[in-house]
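Chemist: Fold the stuff below for me.
(2 chains)
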Amino acid sequence: MKLQKVVTVALLLFVVASLGVMVANSLRPGRSGDVPADGVVAYFFHGKVRCPTCRNIEAYAHEAIQDGFAEQIEAGRVHWRVVDYEEPQNEHFATDFELVSPTVVLVTMEAGQATGWRNLMEVWNLVSDKGAFLEFLQQQVCDCLEEAG
Amino acid sequence: MTAYLLGMAAAFGLGLQTAISPCPLATNIAAISYLGRRVSEPRQVLLAGMLYAAGRTVAYVLLAVIIVGTALSNQQASMFLQKYMYKALGPILILLAMFLLEMLQFGFSGSGVSEKMQRRVDALGVWGALLLGILFAVSFCPLSAMLFFGGLITLSLQRESTLVLPALFGLGTALPVVVFAILIAFSTKAVGKAFDRLTQFEWWARRITGAVFLVVGIFFSLKYCFEII
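Modeler: The predicted structure is shown next:
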């Protein structure tokens, strides 16, 4: 009986601690990513909960950018950023790019200003076919580079 | 008309896709365990299953009505529910487990009052399925958020349907869970009858449900509140 009371109190304390940490984490300031002045920025946006499919999307997107645009990355024309949209300083991205879940967004930058963006929600449908995913994303980046001139 | 029927099929399909994806697996296991725990009363399992489906349906319809009918944007609703509800599930499931395992009880004395209270708690157990349906529906993981806010809401806006399509989505999310719960309850009852151990089977089913809630709750707390696993 005494053991049950101890376990009950321990679990209640764990519940209170969990809620406390959850609130503290939501208020914790995170790091703010720098934004390049020109070129195409490929963002992978995610929240604190990372599902297996989301991790695959991030890995494939990173691979597509690294393998397809090594020269442009070197020249500063293509940039890769991973951003947690739940961090307080990143919450504006949800409205800016109409985010409802983890996704890849391509943003065209000119003189420090975003001149266009694409929220590529199609990546969720393509994640089961890696080849199609890489081809789709690389084509989208090419289109954005053309737009950027 | 054909377009609307296709929309209905798509909404139901999106719901099914949500239910069978790995993302909400832990909550689905907890729901199956909760719904199927009354192995000696198949009618109660059926009723709890219907209430669970109703809870999910009501939650999705209300969300769709709020998003379409108010100034709250799709993005704001999605971000808020992803940020807080999924993380709050851990502590909530631990508290529910403590009630199921009778570690937390109502503070009444006297056997008559206790029995009356126990009956009330049992009755709440069935209605608890409705609350569980609502709770699990609004606890969005990334994939379910994409399918609901990115897929279903867009579809509802295109077809101008904030009731039928979200309701079908809700039924789709509940169907696999309810079917599994009924199958488990009926097969457990058959085995329990065969071995003449139905009361013991039910006792264990209730404890296992509490244990499942506790394990899932601790796992969610460690992973999403403390971020250590």
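Chemist: Surely A:C144 is in contact with A:G116?
Modeler: Yes - counting by Cβ atoms under 8 Å, A:C144 touches A:G116, with 7.4 Å between them. Every residue, glycine included, has its C-beta placed from N, CA and C.
Chemist: which one of these two has more residues nearby?
Modeler: Per other Cβ atoms under 10 Å in any protein chain shown, whichever of A:C144 and A:G116 has more neighbours is A:C144, with 21 against 13.
Chemist: any low-confidence regions in chain B?
Modeler: In the predicted model, chain B carries pLDDT under 70 at residues B:71, B:105-125.
Chemist: ok now do residue 136, which residues does it touch?
Modeler: Unless you meant another one, I'm taking chain A. Contacts here follow Cβ atoms under 8 Å, 6 or more residues apart in numbering or on different chains; on that basis A:F136 touches A:L120, A:E122, A:V123, A:L126.
Chemist: The intended chain is chain B.
Modeler: Taking Cβ under 8 Å, 6+ apart, we find B:F136 in contact with B:P24, B:T27, B:A30, B:A31, B:R56.
Chemist: tell me which of the residues you listed is nearest to B:G210?
Modeler: Using Cβ to Cβ, B:A30 is the member of the contacts of B:F136 that lies nearest B:G210, at 10.5 Å.
Chemist: what's the neighbour count on that closest one?
Modeler: There are 26 residues near B:A30, going by other Cβ under 10 Å.
Chemist: and what of B:L62?
Modeler: B:L62: 15 surrounding residues under other Cβ under 10 Å.
Chemist: Could you do A:F44 as well?
Modeler: The local packing of A:F44 (other Cβ under 10 Å) involves 21 other residues.
Chemist: try A:L27
Modeler: If you count neighbours by other Cβ under 10 Å, A:L27 ends up with 7.
Chemist: same question, A:Y85
Modeler: 23.
Chemist: one step back: can you tell me which of the contacts of B:F136 lies closest to chain A?
Modeler: Checking the contacts of B:F136 against chain A by Cβ to the nearest Cβ gives B:P24 as the nearest, at 9.5 Å.
Chemist: any idea how far the nearest residue to B:F226 once chain neighbours are set aside lies from B:G90?
Modeler: Nearest non-adjacent residue to B:F226, counting by Cβ to Cβ, 6 or more residues apart in numbering or on different chains: A:V21, 5.6 Å away. From A:V21 over to B:G90 the distance is 10 Å, taken as Cβ to Cβ, to the nearest Å.
Chemist: neighbour count winner among these two?
Modeler: Set A:V21 next to B:G90 and count neighbours by other Cβ under 10 Å: B:G90 wins out with 25 against 17.
Chemist: would you list every one of the strands in chain A?
Modeler: Assigned strands in chain A, in chain order: A:39-46, A:78-84, A:103-110, A:113-120 (criterion: DSSP state E).
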